[in-house]
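Q: Okay, here's the prediction I keep looking at, along with the sequence it came from:
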Amino acid sequence: MATADHVDLERFIAGVSKRNPGQPEFVQAVQEVAEDIFEFIADKEAYHEYQILRRIAEPDRVMSFRVCWEDDRGNIRVQRGWRVQNNNAIGPYKGGIRFHPSVTESVLKFLAFEQTFKNALTGLPMGGGKGGSNFNPKGKSDHEVMRFCQSFMTELYRHIGADVDVPAGDIGVGGREIGYMFGQYKRITNEFTGVLTGKGLEYGGSLIRTEATGYGAVYFLQNMLKNVGDEVAGKTVVISGSGNVATHAAEKATQLGGKVLTLSDSEGFIHDPAGIDQTKIDWIKELKGRRRGRISEYVKEFKGSSFHGDGARPWGVACDLALPCATQNELNGAEAKILVSNGCIAVSEGANMPTDLDGVHVFKQAQILYAPGKAANAGGVAVSGLEMSQNSARISWKEAELQQHLLDIMAGIHERCVEYGGRKDSKVIDYVRGANIAGFKKVADAMLAYGVV
Ligand code: NDP
């Protein structure tokens with residue numbers, strides 16, 4: 001039997017690196033989880049004997065395919081598409097599709113791995129998967145996006161299904177893209193099933209799916225604060241991103257009495273000392289949504305605010321609470337130190353793995369409240385799970401009912417993290433450890449039941 005000493009963890013990570021050359025994001029995600037799991041399984045022989053962690057860190061399968069499409073000038077363009085099916089021990093593969101030039105197999109493997117734990121944490125029966133392409137929807141016409149989505153689905157359709165693998169949106173994939181992909185799936189298969197989530201309300205979508213990730217990240221923050229007798233009201237909040245997750249996180253934080261100071265995009269961040277209230281958030285939603293504009297335009301509209309360009313990130317702005325909601329590795333160790341020294345007491349990750357490993361260690365050492373994405377941003381996939389249930393039963397739940405489900409699910413995830421995240425040496429809950437162990441245990445126990453398959 002393997003022992004869980006430090007050397008073993010290093011050897012395990014070295015093996016993961018060797019088997020996945022040139023895939024740093026994937027290795028990083030596995031390392032973050034393995035640090036906690038090695039300690040947890042030290043005295044649990046079955047998990048070693050059946051090589052459970054090693055098996056979860058090897059995707060069930062990775063599909064890579066060519067996606068050809070024609071742009072508006074008649075040029076033939078070639079992109080690469082992927083679907084990573086990481087683990088379906090507790091339910092059909094489930095996870096978003098990302099369209100962004102930074103997408104690689106490594107990025108999608110890390111996201112599918114993380115998704116496996118996240119989905120288990122929700123308490124719903126969903127396995128982990130992720131997909132996407134290096135296609136950049138920015139600057140493309142609607143018809144170009146449509147042709148790309150149709151071509152992407154022409155290959156993807158054979159790998160997915162309502163009981164097999166149910167994709168959703170992610171960076172660069174919103175309602176428009178889901179509509180085009182669902183339309184193509186329906187056309188090819190002649191089936192109307194809940195094969196994608198995040199659909200429009202007219203064709204099987206669920207209320208509050210759009211809001212769920214951002215709202216959920218703030219509910220998680222609220223749960224962490226409540227646990228130490230504190231609240232969001234009266235606190236200053238720094239948020240990165242200005243897409244779906246960031247704008248809805250800003251909305252919920254504002255509704256709970258917080259004052260949101262920043263939002264960003266890949267070009268830089270805006271700082272508004274007066275606070276980004278609901279009217280301003282609505283303006284940003286319109287800007288980044290239908291108008292597909294840049295966050296820098298905010299300063300022309302709202303006096304007293306400033307724009308910091310060249311890809312600057314907002315972590316130097318003093319705040320009580322921080323919500324990274326843009327992308328992976330957008331908050332490093334040095335920035336984490338600045339947040340802590342400026343008095344930040346809690347971080348809740350709306351994005352997936354936005355804090356790099358150094359940053360995670362800074363937050364853990366400082367013992368501030370720190371919620372990893374796999375726990376804090378699980379509200380989106382949870383409501384996707386509810387969309388699947390509604391589609392199977394051919395019904396639509398009312399908004400109030402869904403809002404209550406989301407609140408309950410986020411409270412449930414918080415409880416599971418507290419259950420496994422307590423440490424003998426500290427009163428502060430280690431939410432990273434709690435999320436990793438609670439997610440792992442559910443998937444691992446199902447895998448043990450199946451034997452070696
Ligand atoms: P959107 O495409 O709606 O928004 C992404 C935002 O992040 C945009 O403001 C974008 O700026 C910014 N961004 C993207 N890449 C970079 C980069 N390399 N550097 C700086 N900023 C960047 O995506 P979502 O809001 O849906 O997703 C945001 C994060 O939340 C992702 O990590 C995603 O995986 C995660 N997430 C999303 C869920 C969902 O339900 N949508 C569910 C769970 C997690 P720009 O406009 O310049 O590209």
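A: Alright, I've got the coordinates.
Q: Tell me the confidence at M1?
A: You'll see M1 listed with a pLDDT of 42.
Q: hang on, I meant R290
A: Predicted confidence (pLDDT) for R290: 83.
Q: can you pull the contacts of whichever residue of the stretch 201-350 of the chain sits closest to the ligand?
A: Here the stretch 201-350 of the chain gets closest to the ligand at one residue, G243, 1.9 Å apart by C-beta to the nearest ligand atom. Backbone N, C-alpha and C define where each C-beta goes, glycine included. By C-beta atoms under 8 Å, 6 or more residues apart in numbering, the contact set of G243 is I171, D265, K288, C325, A326.
Q: how about 10 Å then?
A: By C-beta atoms under 10 Å, 6 or more residues apart in numbering, the contact set of G243 is 170-172, 174, 213-214, 263, 265, 284-285, 288-289, 325-327, 350-351.
Q: and these, which of them are in strands?
A: Those of these mapping onto strands are L263, D265, per DSSP state E.
Q: The ligand next: which of the contacts of G243 are close?
A: D170, I171, G172, T213, D265, C325, A326, T327, G350, A351 (C-beta under 6 Å from any ligand atom).
Q: three-state assignment of the nearest residue to the first one once chain neighbours are set aside?
A: Nearest residue to D170, sequence neighbours excluded (C-beta to C-beta, 6 or more residues apart in numbering): G96, at 3.2 Å. Following DSSP: H, G, I helix; E, B strand; the rest coil, we place G96 in the strand state.
Q: and G205, what helix or strand is that in?
A: Using DSSP states H and E, G205 maps to neither a helix nor a strand.
Q: Tell me if I'm right that T154 and T189 touch.
A: No: under the criterion of C-beta atoms under 10 Å, T154 makes no contact with T189, lying 11.3 Å away.
Q: Neighbour count for these two, which is higher?
A: T154 (17 against 13; other C-beta atoms under 10 Å).
Q: before we move on, back to that, which two of the ones next to the ligand among the contacts of G243 lie the greatest distance from each other?
A: Farthest-apart pair in the ones next to the ligand among the contacts of G243 is T213 and D265; separation 17.2 Å (C-beta to C-beta).
Q: in this structure, which spans are strands?
A: Under DSSP E, the chain gives strands at 61-70, 76-87, 93-99, 128-133, 165-168, 236-240, 259-265, 268-271, 306-308, 321-324, 346-348, 369-371.
Q: ok, now how distant is the residue nearest the centre of the chain from I395?
A: By C-alpha atoms, centre = their mean, the chain has its centre lying nearest to N352, at 4.0 Å. Taking C-beta to C-beta, to the nearest Å as the criterion, N352 is separated from I395 by 31 Å.
Q: Please apply the same query to D71.
A: 41 Å.
Q: go on, I284?
A: Taking C-beta to C-beta, one finds I284 at 34 Å from I395.
Q: thought V432 was touching Y370?
A: Yes: if you go by C-beta under 10 Å, V432 and Y370 touch, sitting 6.9 Å apart.
Q: which of those two has more neighbours?
A: Using other C-beta under 10 Å, the more surrounded residue of V432 and Y370 is Y370, with 26 against 23.
Q: what's around the closest residue to that one other than its chain neighbours, how many residues?
A: In this structure, Y370 finds its nearest non-sequential neighbour in F363, 4.0 Å apart by C-beta to C-beta, 6+ apart. Other residues within reach of F363, judged by other C-beta under 10 Å, total 26.
Q: Quick check: the gap between C149 and the ligand.
A: From C149 across to the ligand, the span is 15 Å (C-beta to the nearest ligand atom, to the nearest Å).
Q: contacting residues for the nearest residue to that residue once chain neighbours are set aside?
A: Counting by C-beta to C-beta, 6+ apart, C149 lies nearest to Y180, which is 3.6 Å off, once chain neighbours are set aside. By C-beta under 10 Å, 6+ apart, Y180 lies in contact with D142, V145, M146, R147, F148, C149, Q150, F152, M153, V173.
Q: Excluding residues flanking it in the chain, which one is nearest the fifth one?
A: By that I understand F148. In this structure, F148 finds its nearest non-sequential neighbour in W69, 4.6 Å apart by C-beta to C-beta, 6+ apart.
Q: Quick check: buried residues in the lengthiest helix in the chain?
A: Ranked by residue count and defined by DSSP state H, the top helix of the chain is helix 399-421. By neighbour count with 16 or more other C-beta atoms under 10 Å, helix 399-421 contains the buried residues 402-403, 405-407, 409-410, 412-414, 416-418, 420-421.
Q: Buried only: go through the ones next to the ligand among the contacts of G243 for me.
A: D170, I171, G172, T213, D265, C325, A326, T327, G350, A351.
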